[in-house]
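# I would like to see how this sequence folds:
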Amino acid sequence: MIKILIIHGPNLNLLGEREVDLYGKTTLDEINRSLKKLAHEEAVEIKIIQSNSEGEIIEAIQKAKEKAKAMVINPGAYTHYSIAIRDAIASVNIPAIEVHLSNIYAREEFRAQSVIAPVAVGQISGFGVESYLLGLRAAINIAKKNKTSR
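Residues are numbered from 1 along each chain as shown. Predicted coordinates for the structure are as follows:
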């Protein structure tokens, strides 16, 4: 069975109560339920983690090296400066889809820079919860293509 890692970065555990005008009222649990439903429909296995810790995110990426066929990651604020997460993604050879609930290019200037994007297969931002679902669909398609080409 295809396995996909989903990583929620810092402060995403506060969705639904944090800056609702920007991120909406949907909670992380609701996003995870939607992701699980889609994974079930597509007959793939997902592992979901949320961490506010850069080190824990890096460890999760490294541990997925031999298991996951793709990953969906919302690095949160780490998007803009975590060379360590960027290097972890580059090191494991797992196709990564970077996702963001908000359009990071329509916000503060510093948010328009992603150090993750150059090592990701693609980036989806600005579609709210749908960003995650689109990201998971992309990850599934990539994983299925890679599975047949090996």
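
# Going by C-alpha atoms from here, please, whenever you check contacts or count neighbours.
OK.

# ok, now which ones touch H8?
48-51, 73-76 (C-alpha atoms under 8 Å, 6 or more residues apart in numbering).

# Correct me if wrong: K3 contacts A68.
Yes. Counting by C-alpha atoms under 8 Å, A68 is a contact partner of K3 at 4.8 Å.

# Quick check on the contacts of H8: which are buried?
Buried members of the contacts of H8, scored by 16 or more other C-alpha atoms under 10 Å, are 48, 50-51, 73-76.

# For these, could you give me JSON lines that also reports distance to A138, secondary structure and pLDDT?
As requested, these are exported to JSON lines (distance: C-alpha to C-alpha, whole Å; DSSP: H, G, I helix; E, B strand; the rest coil; pLDDT from 0 to 100):
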{"residue": "I48", "distance to A138": "16", "secondary structure": "strand", "pLDDT": "98"}
{"residue": "Q50", "distance to A138": "20", "secondary structure": "strand", "pLDDT": "98"}
{"residue": "S51", "distance to A138": "23", "secondary structure": "coil", "pLDDT": "98"}
{"residue": "I73", "distance to A138": "12", "secondary structure": "strand", "pLDDT": "98"}
{"residue": "N74", "distance to A138": "14", "secondary structure": "strand", "pLDDT": "97"}
{"residue": "P75", "distance to A138": "17", "secondary structure": "coil", "pLDDT": "97"}
{"residue": "G76", "distance to A138": "19", "secondary structure": "helix", "pLDDT": "93"}
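
# I'd like those laid out as TSV, including distance to I140.
Shown next, in TSV, are the buried ones among the contacts of H8 (distance: C-alpha to C-alpha, whole Å):
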residue	distance to I140
I48	15
Q50	20
S51	23
I73	14
N74	17
P75	19
G76	22
